[in-house]
Every structure is written in C-alpha cells, then in structure tokens.
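> pasted the sequence and its predicted model underneath.
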Amino acid sequence: MTDTAGFQGRTVPVASAADFPTAPILKETYWGFVVNSTAQIPVWVHLTQAISLIFGAGFAAATLGIWAVPSAALQIDSLLIRAGLSVFFVLAAYLLIMFANRGVASELQVDQGLGEVREVIRSRSGKSVLLSHYGFDAFVGMTIDRSAGDPQSVHLILRHQDESQNLLVATGSDAQIGLLYGRFERDLLRENGSRDYDAIAPQPL
C-alpha cells in the first residue's frame with residue numbers, strides 16, 4: 001500500500017510522541033533538523049573495517065621497523081629498497097585505515113536557513129562528506145510506502161521533480177514515519193512555508 005501527499009497534502013498518519021523510540025530518528029539542530037539513518041549495517045561490514053584497521057596499523061608499524069632495525073638483521077643494504085618498501089607500506093596503511101574509518105550510514109540534513117536538503121555520510125571520526133544536496137523546491141510531494149507488508153518496515157520517500165532522483169528519507173515503524181511525515185509536510189511541502197525566498201541548488205551535486 002502506498003500513500004501519496006503533494007503540496008496541498010494535510011493528512012498525516014496518526015502517531016504520538018510516546019510512540020517514538022528512545023533513540024529518535026529525528027534530531028533537532030539550530031539550523032533545522034537531521035534524520036538519522038535507520039539502515040541495518042551488516043556485521044560483515046564492521047568486521048571488514050576492524051580487520052582493515054588491524055592490517056593498517058601493522059603496515060604503519062612495519063614502516064617504522066624498516067628504519068629502526070639494523071640493515072644486517074633485515075639483510076637489506078640499499079637505502080633505495082628501504083625507501084621503496086616504506087612508500088608501499090605507508091600507502092597500504094593509509095588506504096586501509098581510511099577504509100576502516102569511512103562512514104557506513106548516511107544522514108539527511110534539512111537546513112531551513114539555506115532551504116536545502118543535504119545527504120551526508122559521517123565517518124567514525126565525525127567528519128562529514130556531502131553526497132548530494134537539493135533545494136526544497138526540487139520536491140513535489142511525499143510517498144509512504146507500505147509495500148513490504150511489515151508495519152516495522154514502512155518507507156518515507158520524498159518525490160523529486162525527476163522521479164529517478166526520488167529520495168528515501170527513512171525506514172521505520174508506522175509511528176516513526178508518521179512523525180517524520182508531519183514534520184516534512186510542515187517544513188518542506190506547504191505552499192505557505194516559513195521561507196520568503198526561492199530555495200537554492202535544486203539539482204544534486
């Protein structure tokens with residue numbers, strides 16, 4: 001089952017604040033709000049990143065070891081060979097540690113000051129990487145997708161002017177999606193919104 005709302009939509013799925021989970025999907029900020037990812041990250045992804053971190057640290061230690069250990073012990077006489085191995089180990093360590101630190105879950109930032117929606121992935125160190133951004137006026141409505149048949153797996157989708165760029169906001173329970181639906185309908189899709197200017201950057205990067 002799929003529910004659709006456009007610019008004039010006013011029907012919001014029924015949900016109370018008490019239905020919202022302890023760890024909310026939506027987080028308020030001074031410039032708007034953030035929709036946290038509800039995607040389940042596979043265990044193998046975490047395991048792969050942990051292994052990459054271990055090997056990255058090993059290559060970093062090996063780089064120091066090449067220069068700390070005497071030449072006779074390593075049976076390496078040429079400084080050129082040491083330098084070449086060092087470059088290889090440093091590069092391997094950098095790539096593995098970068099992979100281990102990369103973010104695995106994206107978040108949606110709704111900036112009411114700039115009038116735009118940003119899709120961002122955040123690394124384990126907290127650094128944000130912008131994946132795409134859209135102006136509020138790029139969206140023409142919302143869809144609540146219940147086609148999965150599971151009341152805990154309901155999708156909220158922002159409908160873009162170009163259907164190929166429709167944006168999945170979140171997946172959650174009816175109660176969670178109901179609250180998000182109401183917030184997006186109020187702040188993004190109402191004809192008489194709080195903005196008194198046209199939204200910027202209607203196309204993604």
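Perfect, I can see it now. Just so we're clear, the structure is a prediction, and the values are computed from it rather than from any experiment.
> show me the contacts for the residue nearest to residue 133 when sequence neighbours are not counted.
Among residues not flanking residue 133 along the chain, residue 118 sits closest, at 4.4 Å (C-beta to C-beta, 6 or more residues apart in numbering). In this view, the C-beta of every residue, glycine as well, is placed from N, C-alpha and C. Residue 118 is in contact with 108-109, 111, 130, 132-133, counting by C-beta atoms under 8 Å, 6 or more residues apart in numbering.
> so which strand or helix has residue 118?
Assessed by DSSP states H and E, residue 118 sits inside strand 116-122.
> domain parsing for this structure?
2-39+105-189, 43-101 (automatic domain parsing).
> re the thing from before, bridging residues for the residue nearest to residue 133?
Using DSSP bridges, the beta-bridge partners of residue 118 come out as residue 109, residue 133.
> pLDDT score for it?
On the pLDDT scale, residue 118 is placed at 90.
> give me whichever of the domains of the chain is most buried.
Among the domains of the chain, the stretch with the highest mean neighbour count (mean count of other C-beta atoms under 10 Å) is domain 2-39+105-189, at a mean of 16.
> residue closest to the middle of the chain?
Nearest residue to the geometric centre of the chain (C-alpha atoms, centre = their mean): residue 106, 0.9 Å.
> in contact with the closest residue to it other than its chain neighbours, which residues?
In this structure, residue 106 finds its nearest non-sequential neighbour in residue 121, 4.7 Å apart by C-beta to C-beta, 6+ apart. Contacts here follow C-beta under 8 Å, 6+ apart; on that basis residue 121 touches 102-107, 128-129, 131.
> per-residue pLDDT, residue 121?
83.
> narrow the contacts of residue 121 to those in strands?
106-107, 128-129, 131 (DSSP state E).
> the helix or strand where residue 91 lies - contacts with which helices or strands?
Taking DSSP H and E as the criterion, the element that holds residue 91 is helix 79-101. Taking 3 or more C-beta pairs under 8 Å, 6 or more residues apart in numbering; DSSP states H and E as contact, the helices and strands that helix 79-101 lies on are helix 43-68.
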